[in-house]
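Trainee: Got a predicted structure here, sequence first:
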Amino acid sequence: MIDSLTKLFGLMQAQGAIRFYAKRLSPNDNSKNQVYLGGGFGALNVLPHASVTTDQTLRAGSIRRRDKADLRFFWIDEAGLSPAPDAQLILYPKYPEVRMSGFLRGTQRAPSDLMRSRDEGRVLFLGVTADGRIFGFASSADDHVSKELEAAPPLEHIGVFLDLTPLFTGVGNSREALISALRAIHLKGWIQSQKLGKDGLAQPYSARNGGGYTLEAKLGISPNGYSEPDYLGWEVKQFGVSDFKNYRAKSPVTLMTPEPTGGIYRDEGVEAFLRQFGYPDKSGKEGRINFGGIYRADGAHHADTGLGMRISGFDADTGKVMDLDGGISMVDRDDRIAAFWGFRGLMDHWNRKHAKAVYVPSLARTPPPEYQYGSRLKLCEGTDFLLLICAMATGAVYLDPAVKMENADSVKPAVKRRNQFRVAHTALASLYKQSELLDLL
């Protein structure tokens, strides 16, 4: 019998869970009506999921579209894990909102009676692993774990979810623990550049990109291939500044670098794209063709490439995605689509972001390579794919590509791809529902 949160968390952790959440279920949260996971698409940044796809079915003479994303969902009990192979997220862009469905079909030890009922006081507990699995456990109002949750100290919210990770780790409040850790790092002054190895031990690091690795090492974050550096559920981002007086970032934030999913770039290849829309290297390097510049969603055509950016399938007035088949297009003056990033592909990249992020300024000096971290932080909470597209529509987020071809006149030209979507530090707040500048001192 699972009769305490400690036992429940222990079972989830033994299966690999590193983050823990709870959702208090309303009467409408059941297998018939699905489980409501919040307005907007913010839940997609909390629960790992497969790529978003669209089903089309014919009903009563009309085509019904359903946008969904599969989950690697398992019910957990003392006997272990019971997979729910049909569990998925359902996206409703017109509202917008996200719901979870299919969590009872094809599973052997699901809490079926609870999840079919409309009883008040039910709670759905969730554990999330680093490789994207989700463990679920449901309890009634009379169960010990539900009563223990009600008696717990005030908990942090991430959308509709209660964040239980700080409760399990004993830190009490992840925000306060994060601030305390970053204050201690700030007070250390200059720190030798380092990176944590797989054994968890810090090793000297000499490459120029050591600012982030050094901060992660001091926070005890080991580099991994899943998502972003994570400290108690916070994405940790470091940025270089020239001094700690005005904290002006040396460069914008690169949000993601997705490859186009359509257009000439995808259909005919990068070489064909560069030969049509690229330009000779401006520093005079022989045999080199570049594709660069700043592109915002105002449709203005760039003088060097003849391309402009447009957004389709999005209503800027309401902030809603009207059609998930839409996306970001680079078009020439004849309206040919040179490159296209579909919303689904962009969502796959953006949803790897954490719902909470902290941006930490740093100074660098050498030799030897050392870093110092400032006292003024930017704390941001509640990101959502819809906020990203809104920021693109206003021009706050822009495309800053660095695509090039060398040895263009040879039989085997060398192509380098880097399509960067970027934002100025001063505009970061537009990507989150809440943001705050905080001085550690």
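Mentor: That came through fine. On a predicted model such as this, the values are computed, not experimentally measured, just so you know. Numbering: from 1, shown residues only.
Trainee: Low-confidence regions, the chain specifically.
Mentor: 58-61, 223-229 (pLDDT under 70).
Trainee: Break it down into its structural domains.
Mentor: Per automatic domain parsing, the structural domains of the chain span 5-169, 253-355+378-439.
Trainee: mind checking which of these is nearest A177?
Mentor: Nearest of the domains of the chain to A177, taken as CB to CB: domain 5-169 at 6.8 Å. For the C-beta atoms, the positions are set from N, CA and C on the backbone; glycine is no exception.
Trainee: wait, isn't D409 in contact with I289?
Mentor: No - using CB atoms under 8 Å, D409 is not in contact with I289; the gap is 9.9 Å.
Trainee: Give me the more crowded residue out of those two.
Mentor: Taking other CB atoms under 10 Å, D409 and I289 do not tie; I289 has more neighbours (21 against 9).
Trainee: could you point out which element follows the longest helix anywhere in the chain?
Mentor: Secondary structure of the chain per DSSP state H: the longest helix is helix 174-187. Using DSSP states H and E, the helix or strand that follows helix 174-187 in sequence is strand 191-192.
Trainee: which outside residues touch that next one?
Mentor: Here strand 191-192 makes contact (CB atoms under 8 Å, 6 or more residues apart in numbering) with 185, 204, 214, 218, 368-373.
Trainee: Of these - the most surrounded one?
Mentor: Each of the contacts of strand 191-192 was scored for neighbours by other CB under 10 Å, and T214 scores highest at 27 neighbours.
Trainee: which parts of the helix or strand harbouring that one are buried?
Mentor: Here T214 sits within helix 210-219, counting by DSSP H and E. Using 16 or more other CB atoms under 10 Å as the test for burial, helix 210-219 gives 210-219.
Trainee: now stretch 27-37
Mentor: Quick answer for stretch 27-37 (16+ other CB under 10 Å): 29-31, 34-37.
Trainee: Over to stretch 301-314?
Mentor: Here stretch 301-314 shows 302, 305-311, 313-314 as buried, counting by 16+ other CB under 10 Å.
Trainee: re earlier: and the contacts of whichever helix or strand comes after the helix holding T214?
Mentor: Scanning forward in sequence from helix 210-219 by DSSP H and E, the next helix or strand is strand 230-231. Here strand 230-231 makes contact (CB under 8 Å, 6+ apart) with 18, 178, 181, 219-221, 236, 354.
Trainee: Give me the sheet partners of the following helix or strand past strand 230-231 and which way each runs.
Mentor: Remark: after strand 230-231, the chain's next helix or strand is strand 234-240, criterion DSSP H and E. Sheet pairing of strand 234-240 (DSSP bridges) gives strand 230-231 (antiparallel), strand 356-365 (parallel).
Trainee: Show me the contact partners of strand 234-240.
Mentor: Outside strand 234-240, the residues touching it (CB under 8 Å, 6+ apart) are 174-175, 178, 211-212, 215-216, 219, 221, 227-230, 249-251, 253, 353-354, 356-364, 373, 425.
Trainee: Could you work out the end-to-end span of stretch 204-221 for me?
Mentor: 15 Å (CA to CA, to the nearest Å).
Trainee: distance of the residue nearest the centre of the chain from L346?
Mentor: Closest residue to the average C-alpha location of the chain: K353 at 1.6 Å, with CA atoms, centre = their mean. To L346, K353 is 12 Å away according to CB to CB, to the nearest Å.
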